[in-house]
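Q: Turn this into a structure:
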Amino acid sequence: MKKTVLRSYAKLIARSGVAIRKNDIVIINAGLDQPEFINMVVEECYRAGAEKVLVDWSYAPVQKTGIKFMKPKALGRVENFEEAKLKFRLEKNPAMIYIISDDPNGFKGIDQKKYANAMKEKLKVIKPYRDQMDNKYKWCIAAAPGKEWAKVVFPGMRTSTAVEKLWEAILYTSRVIDKDGNLLDPVAEWDKHNASFAEKCRVLNEAELVALEYKSSNGTDLTVGLMEQGSFLGGGEYTLGTHEYFNPNIPTEEVFTTPKAGVCEGIVYSSLPLSYNGEIIDNFSMKFEGGKIVEVKAEKNEALLREMVGMDEGAAMLGECALVPYDSPIRNSGIMFFETLFDENASCHFAIGRGFTNTVKNYSEYTNEQMKEMGVNDSSIHVDFMIGTADMSIVGIKKNGERFQIFKDGNWAF
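A: Presented below is the predicted three-dimensional model:
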C-alpha cells in the first residue's frame, strides 16, 4: 500500500480517532505485524501535539503459549507491574489507541475453560480500575492487516496479495479511499459521517422509545425493553469532564443504545458467524425469558457459546442494541473479516454482557451503582454478535404507545 495513503490513515487515527491535543500522553497497543505503520501513527500523534507516545507490543503466539503452560493460578494473577500500569492510566488518563491485526484463529485450540476462569480472576483486580476510568479517556480501535489474518480472510491467495487486499478493505471501509482506491480526505469524510449519525440519534431520542421489536424471516422475534433515561449514540463521543470529542471505532456504521437489563422476551438468531477466543460459533440462537438467556443452540461450538453466556450473571443479559443498515459499506464489500470491529458493522447486532453507562442521559450525575439500578447491565464481558438480515424489521414502541418503524427490509426506514 502506498505510504501516502497509510500516512493519511495514521493521521485520521491520531486526529479524528483519539483527537490528540497538546501535551496528551498516548499509549498504543499493537501487534508485531505492521511496525512501519505503527511508527507512522506514533509520528502523527507527535505532530498533533502529544507529549509522549508509548507502544505496548504484543504477540498472540506468545500469549497462547502462556495459556497452555501456565498453571491456572499464575494465569489468573495480575502482577504488581501490571497493576502499576492500571494505576498509571488512572492517574495520567492517557489516550488509548488499539491497532488490531491478530490472526482470528490465533487462540484456536486453547483450554477455553482454563482461560475463562483466569480472566474471571484477573477482572477482580482490573474491573475496579476500569470502572473508575470509564468514559474519562479518549480511545480508538482501528486495524492493520497481519499476514495470518489476511490469509484467513482471503484463503488461497499469495500472502503478500492477501495483505494488500486486506489493506484495501480496511482503508475503504474506514473512509480513507474510495471504491477505486483513490485517496479521500478522511478527516472531512468522518466529519460528514458523524453529522449523519447525529441526525439519526436526534430522531430516535426525540421519539421517547420504551421498547424495540425485532422480526426477521429467519425466526428472530424479540422484544427488548429500553431505559427511560436511555439515549442513542453513534459515531463520535465526548469524554466525561474534559468534554473532548473522539471517534472510538474506525470504522463504524452503528447507532446504538444500552437496553434495560432484565427486560427482554423472545428469540434471536445469528446472521453471521461469531469469532470468539480463536473459535467460530456459527448458526446459533438465544432464547430470552425475563430478560435472561434461558437457552442457546448452535450448529458449531454450542458448548463454547454456553460457556460464554455463563461467565457471570450479567453475561446472560443484553448490554447493547446496535442499529446498522444492511446496505452498509462493510456488508457491500462482501468480505467476512472474522473480526468484530468490522463484522459488527455489516449488520444490526446485539451484545451480551456489560452495557454502556454513557448512553444514560446526564450520566455524569449518577454513580455506576445508580445506573445499574436504572437498567445498565454489568458484566465482565461484552461480546457482540450479528443479527441483521435483508428483511429485518425493527419497530420502536413509543412512551405513548405509538409504533415507529425504524428499520424496514434491513435498512433505515426514515
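Q: what about the most centrally placed residue in the chain, helix or strand, and which?
A: Residue closest to the mean C-alpha point of the chain, counted by C-alpha atoms, centre = their mean, is Leu341 at 5.4 Å. Of the helices and strands defined by DSSP states H and E, Leu341 is found in helix 340-343.
Q: residues making contact with that helix?
A: With contact meaning C-beta atoms under 8 Å, 6 or more residues apart in numbering, helix 340-343 is reached by 100, 141-143, 170, 173, 249, 251, 272, 275, 330, 335-337, 384, 386. In short, each C-beta sits where N, CA and C put it, glycine included.
Q: Which of these fall within helices?
A: Using DSSP state H, Ile170, Thr173, Ile330 are the members of the contacts of helix 340-343 that sit in helices.
Q: Parallel or antiparallel, which strands does the next helix or strand after the helix holding Leu341 pair with?
A: If you walk from helix 340-343 toward the C-terminus, the next helix or strand you reach (DSSP H and E) is strand 349-353. Using DSSP bridges, strand 349-353 pairs in its sheet with strand 318-323 (antiparallel), strand 382-386 (antiparallel).
Q: And Ile97, how far from Met1?
A: 19 Å (C-beta to C-beta, to the nearest Å).
Q: Of the two, give the one with the bigger neighbour count.
A: Per other C-beta atoms under 10 Å, whichever of Ile97 and Met1 has more neighbours is Ile97, with 26 against 19.
Q: what sits against the more buried one?
A: Each residue near Ile97 by C-beta under 8 Å, 6+ apart is listed here: Ile13, Gly17, Val18, Val26, Ile27, Ile28, Asn29, Val41, Cys45, Trp139, Cys140, Ala142.
Q: ChimeraX command for the buried members of the residues you listed?
A: The ChimeraX command for the buried members of these (criterion: 16 or more other C-beta atoms under 10 Å) is given here:
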select :13,17,18,26,27,28,41,45,139,140,142
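Q: Please identify the one among the contacts of Ile97 that lies nearest to Lys287.
A: Each of those was checked against Lys287 using C-beta to C-beta; the closest is Trp139, at 34.0 Å.
Q: beta partners of that closest one?
A: As for beta bridges, Trp139 partners with Met96 under DSSP bridges.
Q: wait, isn't it in contact with Ile99?
A: No: using C-beta atoms under 8 Å, Trp139 is not in contact with Ile99, being 12.0 Å away.
Q: Distance from the helix holding Leu341 to the middle of the chain?
A: On the basis of C-alpha atoms, centre = their mean, to the nearest Å, helix 340-343 sits 7 Å off its chain's mean C-alpha point.
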